[in-house]
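Enquirer: Sequence and computational prediction follow.
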Number of protein chains: 4
Amino acid sequence: MPRPGRKRSEQSRQAILTAALELVAETGYGGLTVEAIAARAGVGKQTIYRWWPSKADVLLDALTAKASTFVPVPDEGSYAADLRAFLLATFTLGRDPRVVDVLRALMTHSQLDPAFGERFRVGFLQARRDALGVLLDRAAARGELPATPSPGTVADIVFGIVWYRVLATRQPLDPAQAEELLALLTGSTSSP
Amino acid sequence: MPRPGRKRSEQSRQAILTAALELVAETGYGGLTVEAIAARAGVGKQTIYRWWPSKADVLLDALTAKASTFVPVPDEGSYAADLRAFLLATFTLGRDPRVVDVLRALMTHSQLDPAFGERFRVGFLQARRDALGVLLDRAAARGELPATPSPGTVADIVFGIVWYRVLATRQPLDPAQAEELLALLTGSTSSP
Amino acid sequence: MPRPGRKRSEQSRQAILTAALELVAETGYGGLTVEAIAARAGVGKQTIYRWWPSKADVLLDALTAKASTFVPVPDEGSYAADLRAFLLATFTLGRDPRVVDVLRALMTHSQLDPAFGERFRVGFLQARRDALGVLLDRAAARGELPATPSPGTVADIVFGIVWYRVLATRQPLDPAQAEELLALLTGSTSSP
Amino acid sequence: MPRPGRKRSEQSRQAILTAALELVAETGYGGLTVEAIAARAGVGKQTIYRWWPSKADVLLDALTAKASTFVPVPDEGSYAADLRAFLLATFTLGRDPRVVDVLRALMTHSQLDPAFGERFRVGFLQARRDALGVLLDRAAARGELPATPSPGTVADIVFGIVWYRVLATRQPLDPAQAEELLALLTGSTSSP
DNA sequence: TCGTAACCGAGACGGTACGTCGTGTCTTCAG
DNA sequence: CTGAAGACACGACGTACCGTCTCGGTTACGA
């Protein structure tokens, strides 16, 4: 049942998302203020607060709306092929500076704002783990999964390396490293 | 050659470091303000600004001064033993909530303040990588090092998993996972 | 053409003016801080800085708004009657401790802040001289004005005595002295 | 009986007085800080606080030390001659910008610091009134004094006009105005 | 077609913290 | 003991954003 009243302005929504992405790319999270987003988008602050709980939620929205953050997990037939596909898709995404800037901002904000931290953990980080989980379950069903790095540890390793490079070393993700990781995790030819 | 003028007050320095650690434990980085540190330490704000470039530098100082952050790397005779020692020391440290709170704050601030980010990267993160590097060099000299995960990737994996759990999942570091990691990286008996 | 946005709060404005007057009466100009005004008025500091260039401008506003600083110059029929009315009104105002406290603060601030000094001189001091000037012009037109103390000097004498007592001797203005001044300036019966 | 220890440095004293005069001339009272005086004089702040209760006392000291502030009151033979001498000496002094700058600073500080205000009133302002008082007493003894402006009012008029021009209009004192004042106060030929 | 309700931009509001400046006191070392 | 140097606790400064709250004005549905 459509309520009365003016409709939400799609134009303002787009302007806000774009402004947020631009600002985070230009100045980092430190220079990202609600006032600056509103000013650049030509929008009142209230319009932002009306639709998003925090500026990080704006970014999260922008990330899922603009970039195709979604990493599909098609069945490639084997654990190795599945994992390779997942890693390459993930590492490719992690080479886009615009995406990386947003990821940094999201993780930073989740440390400052516990409520957002929970949303981010449940709605984003866990979703990525689940995607990898699907793949690992499939491998387990096939009996392909090595016993020793438990699925949880595999996820910790894969996402750990991504976030560590994004936040700590700030070096772009390297596809060659994805292959190293693949070899390590599938146990193929790793003897001295 | 001692300069003239009053000496720096060691008492104030200690009070500031302690206050910073307490506040970050109580309220997280979000509640850590220079004013609050100064108030709790019974100190003027200027005394903090005089000696530390930012509040995160205070924490970094407190971390290295109070907690024995230093992870020594004695030669245990083999790569596996060396790495086990390193991982256990690291994971143990990463189970101390006071240390973890500070680590979160440091990484958060390094995203907000690029200048501190550089200091943190060079003075802390790289130092930890170097410690692991000593160990890996020793193993390479002995010919014990598996070919495939390059030393850089080993470091990314080890520190990646630590930081990912500290920042993202917020689950305490698990010694059993250290053993998993050890098995994986030394290539010992990991077939299904 | 009304601009968009929330209107200025008249309630805040009144609270600020009142707080400023109270504080200057209680503690003098030395104890008058923008922070104290804001705190007492239950107002953010920014609200003060938004509307007044300095704390003295708040006081000046309060003086003209609250106290009836205005000294009317009705035509009393003769120079002597006009001047008596002017002097009595001025001296009466100068006996109100609340007014005197503010005057002291304004003159003090005008020495500290040259920009305010100019505003004060043009917008307040000159206005008072002009009021006296009207009266003197009228007397001149009637041919009542003694030749020797030029109008400018008459003004210097009248306002000089007021400010000197306010700032230097800190003695309340004395109506009897107004009569002395009147006799002197109108040249009535002043021989030995 | 000479106390033990190092003697007070006359060189430092002179440097402080000179620095204070220079600063007040360059920046007015607003830019006159103890730190700036100490820095320019090449002196520790403590040396200033040791010998003067406030920065205004430094200026007061400098004024009486450097400029010959003293207005002598020789007996010129008649009230008119005495008063003319006094007024011309006073107005001449009040035409020196360096003196005027200091006077402004002293009066300003006396509004901010009640203790200095009292010192200034008793030690400086009253001294000037007393000088004029000597002259008026002499005239009274001779029977030359007009009845109507009482001696106190004469003083209020004379010093009022000086301070009013120094603080309020900021116009230099005018010798012609001294003559006007003289004519007015001695009652000589002032009919229309 | 006319409320009425939700939207919009703008921007003022009460707050909190920022980083800086000056105060007057204190501590250190040199003369 | 004085003097230069400078660190100290303190308090106010003026600014930047926060998240909230009016404003006047604009859609757009339902009576």
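Expert: That came in fine, so what should we check first?
Enquirer: need the helices for chain A, in chain order.
Expert: Here chain A has its helices, by DSSP state H, at A:10-27, A:34-41, A:45-51, A:55-65, A:79-93, A:97-112, A:114-120, A:126-142, A:151-164, A:175-186.
Enquirer: Nearest approach to chain D belongs to which of those helices?
Expert: Nearest of these to chain D, taken as CB to the nearest CB: helix A:34-41 at 33.0 Å. Every residue, glycine included, has its C-beta placed from N, CA and C.
Enquirer: Buried residues in that closest one, which are they?
Expert: Buried positions in helix A:34-41, judged by neighbour count with 16 or more other CB atoms under 10 Å in any protein chain shown: A:34, A:36-38, A:40-41.
Enquirer: For it, which helices and strands make contact with it?
Expert: When contacts are defined as 3 or more CB pairs under 8 Å, 6 or more residues apart in numbering or on different chains; DSSP states H and E, helix A:34-41 sits against helix A:10-27, helix A:45-51, helix A:55-65.
Enquirer: Please produce CSV containing those helices, extended by distance to chain D.
Expert: Listed next are those as CSV, based on distance: least, CB to the nearest CB, whole Å:
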stretch, distance to chain D
helix A:10-27, 36
helix A:45-51, 37
helix A:55-65, 41
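Enquirer: Give me the below-cutoff pLDDT ranges for chain A.
Expert: Within chain A, the stretches with pLDDT under 70 are A:1-2, A:66-70, A:189-192.
Enquirer: For DNA strand E, what is the nearest residue in it?
Expert: residue A:5 (2.2 Å; CB to the nearest atom of the strand).
Enquirer: ranking the helices of chain A by burial, who's on top?
Expert: Compared across the helices of chain A, helix A:151-164 shows the largest average neighbour count, a mean of 22 (mean count of other CB atoms under 10 Å in any protein chain shown).
Enquirer: That helix vs helix A:126-142, what angle?
Expert: Using axes from the mean of the first three to the mean of the last three CA atoms, to 10 degrees, the direction of helix A:151-164 lies 140 degrees away from that of helix A:126-142.
Enquirer: Return the list of helices and strands in contact with helix A:151-164.
Expert: helix A:79-93, helix A:126-142, helix A:175-186, helix B:151-164, helix B:175-186.
Enquirer: one more time with 6 Å
Expert: If contacts are counted by 3 or more CB pairs under 6 Å, 6 or more residues apart in numbering or on different chains; DSSP states H and E, helix A:151-164 sits against helix A:126-142, helix B:151-164.
Enquirer: what angle separates the last one from helix B:97-112?
Expert: With the same axes, to 10 degrees as the criterion, the two stretches helix B:151-164 and helix B:97-112 enclose an angle of 110 degrees.
Enquirer: quick one: contacts of helix B:151-164?
Expert: Helix B:151-164 is contacted from outside by A:156-157, A:159-161, A:163-164, A:177, A:180, B:94, B:129, B:132, B:136, B:185, using CB atoms under 6 Å, 6 or more residues apart in numbering or on different chains.
Enquirer: quick one on the thing from earlier: out of the helices of chain A, which gets nearest to residue C:27?
Expert: Residue C:27 lies closest to helix A:34-41 among the helices of chain A, at 35.9 Å (CB to CB).
Enquirer: Around residue A:42, how many other residues sit close by?
Expert: 11 (other CB atoms under 10 Å in any protein chain shown).
Enquirer: distance of the nearest residue to it once chain neighbours are set aside from residue A:43?
Expert: Nearest residue to residue A:42, sequence neighbours excluded (CB to CB, 6 or more residues apart in numbering or on different chains): residue A:15, at 6.4 Å. Distance of residue A:15 to residue A:43, computed by CB to CB, to the nearest Å: 6 Å.
Enquirer: and what of residue A:82?
Expert: The gap separating residue A:82 from residue A:43 is 43 Å, by CB to CB.
Enquirer: Compile the helices and strands packed on helix A:34-41 into a markdown table and extend it with columns for distance to residue D:102.
Expert: What follows is these, written out as a markdown table (distance: least, CB to CB, whole Å):
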| stretch | distance to residue D:102 |
| --- | --- |
| helix A:10-27 | 50 |
| helix A:45-51 | 52 |
| helix A:55-65 | 55 |
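Enquirer: For residue A:98, which of the ones you listed is the nearest?
Expert: helix A:10-27 (5.8 Å).
Enquirer: Output the contacting helices and strands for the closest one.
Expert: helix A:34-41, helix A:55-65, helix A:97-112.
Enquirer: try it again with 8 Å
Expert: Applying 3+ CB pairs under 8 Å, 6+ apart, one finds that helix A:10-27 makes contact with helix A:34-41, helix A:45-51, helix A:55-65, helix A:97-112.
Enquirer: got a list of what the nearest residue to residue A:170 once chain neighbours are set aside touches?
Expert: Leaving aside its sequence neighbours, residue A:170 sits nearest to residue B:121 (CB to CB, 6+ apart; 7.6 Å). Each residue near residue B:121 by CB atoms under 8 Å, 6 or more residues apart in numbering or on different chains is listed here: A:168-170, B:110.
Enquirer: can you list the helices and strands packed on helix A:151-164 in TSV and add distance to residue A:105?
Expert: As requested, these are exported to TSV (distance: least, CB to CB, whole Å):
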stretch	distance to residue A:105
helix A:126-142	17
helix B:151-164	17
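Enquirer: if we can go back for a sec, residue A:41 is in contact with the residue nearest to residue A:42, correct?
Expert: Yes - Residue A:15 is in contact with residue A:41 according to CB atoms under 8 Å; the separation is 3.9 Å.
Enquirer: I'd like the distance between the nearest residue to residue A:65 once chain neighbours are set aside and residue A:105.
Expert: Excluding its sequence neighbours, the residue lying closest to residue A:65 (CB to CB, 6+ apart) is residue A:17, at 6.1 Å. Separation of residue A:17 from residue A:105 (CB to CB): 13 Å.
Enquirer: swap in residue A:52?
Expert: Applying CB to CB to residue A:52 and residue A:105 gives a distance of 14 Å.
Enquirer: picking up where we left off before, any idea which of the buried residues of helix A:34-41 is the one closest to chain C?
Expert: If you rank those by distance to chain C using CB to the nearest CB, residue A:38 comes first, at 13.3 Å.
Enquirer: For the closest one, which non-adjacent residue is spatially closest?
Expert: Closest to residue A:38 by CB to CB, 6+ apart is residue A:45, at 4.7 Å.
Enquirer: Residue A:85 too?
Expert: Spatially, and ignoring its direct neighbours in sequence, residue A:85 is nearest to residue A:76 (5.4 Å; CB to CB, 6+ apart).
Enquirer: mind pulling up the phi and psi values for that neighbour?
Expert: In terms of degrees, to the nearest 10, the main-chain angles of residue A:76 are phi -90, psi 0.
Enquirer: these two touch, right, it and residue A:82?
Expert: Yes - using CB under 8 Å, residue A:76 is in contact with residue A:82, at 4.8 Å.
Enquirer: what about residue A:111, distance to chain B?
Expert: Applying CB to the nearest CB, to the nearest Å, the value for residue A:111 to chain B is 4 Å.
Enquirer: Go ahead and confirm that residue touches residue B:170.
Expert: No - if you go by CB under 8 Å, residue A:111 and residue B:170 don't touch, sitting 9.9 Å apart.
Enquirer: on that earlier part again, so what's the residue count around the residue nearest to residue A:85?
Expert: 15.
Enquirer: Next up, the contacts around it.
Expert: By CB under 8 Å, 6+ apart, the residues touching residue A:76 are A:82, A:84-85.
Enquirer: what's the closest of these to DNA strand F?
Expert: The shortest gap between DNA strand F and any of the contacts of residue A:76 belongs to residue A:85, at 38.9 Å (CB to the nearest atom of the strand).
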